[in-house]
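Visitor: Mind looking at a prediction? Sequence and model below.
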Amino acid sequence: MSEEKVLYKDVTGRPQDVVAHVRRVVGASTREDKVRGFKIGITNDPVGRFKRKYIKSYDKMIVVYRSSSINSIS
């Protein structure tokens with residue numbers, strides 16, 4: 001599997017400052033004419049998680065938010 005299956009459209013920062021960006025990326029990526037289904041989740045290893053768990057069910061993974069703070073992620 002090549003790493004282009006995991007796309008990085010991510011932003012960092014406080015959740016209240018980046019929520020508009022995250023919503024735009026999710027909205028643009030999940031339009032009905034583009035996808036049949038999607039899942040939103042949390043991981044600290046996007047490429048590894050995609051390879052281990054999602055490669056058979058999904059075409060790609062899009063990383064939309066990145067933080068070193070567990071409180072921001074949760």
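Guide: Looks like it came in fine.
Visitor: Give the helix, strand or coil label for residue 58.
Guide: The three-state assignment at residue 58 reads coil, by DSSP: H, G, I helix; E, B strand; the rest coil.
Visitor: That one contacts residue 36, doesn't it?
Guide: No - the pair residue 58 / residue 36 is not scored as a contact, 10.2 Å apart, by CB atoms under 8 Å. (Glycine included, C-beta is placed from N, CA and C.)
Visitor: And the two? Which one has more around it.
Guide: Between residue 58 and residue 36, counted using other CB atoms under 10 Å, the more crowded position is residue 58 (15 against 6).
Visitor: how near is the more buried one to residue 51?
Guide: Note on residue 58: its distance to residue 51, by CB to CB, to the nearest Å, is 11 Å.
Visitor: ok, which stretches of the protein are helices?
Guide: 15-29, 46-49, 70-73 (DSSP state H).
Visitor: Comparing those, which comes out most buried?
Guide: Stretch with highest mean neighbour count among the helices of the chain: helix 46-49 (a mean of 15; mean count of other CB atoms under 10 Å).
Visitor: tell me how far it is from the chain's mean position?
Guide: 11 Å (CA atoms, centre = their mean, to the nearest Å).
Visitor: Pull the distance from stretch 18-28 to the chain's centre.
Guide: With CA atoms, centre = their mean, you get 11 Å for stretch 18-28.
Visitor: just stretch 66-74 next, same as before
Guide: Chain-centre distance of stretch 66-74: 14 Å, with CA atoms, centre = their mean.
Visitor: average pLDDT across it?
Guide: Stretch 66-74 shows a mean pLDDT of 81 in the predicted model.
Visitor: Enumerate every residue touching the residue minimising distance to the centre of the chain.
Guide: Nearest residue to the geometric centre of the chain (CA atoms, centre = their mean): residue 63, 3.0 Å. Residue 63 makes contacts with 6, 7, 8, 9, 10, 46, as judged by CB atoms under 8 Å, 6 or more residues apart in numbering.
Visitor: rerun that using 10 Å as the cut-off
Guide: Listed by CB atoms under 10 Å, 6 or more residues apart in numbering, the contact set of residue 63 reads 6, 7, 8, 9, 10, 11, 25, 43, 46, 47, 50.
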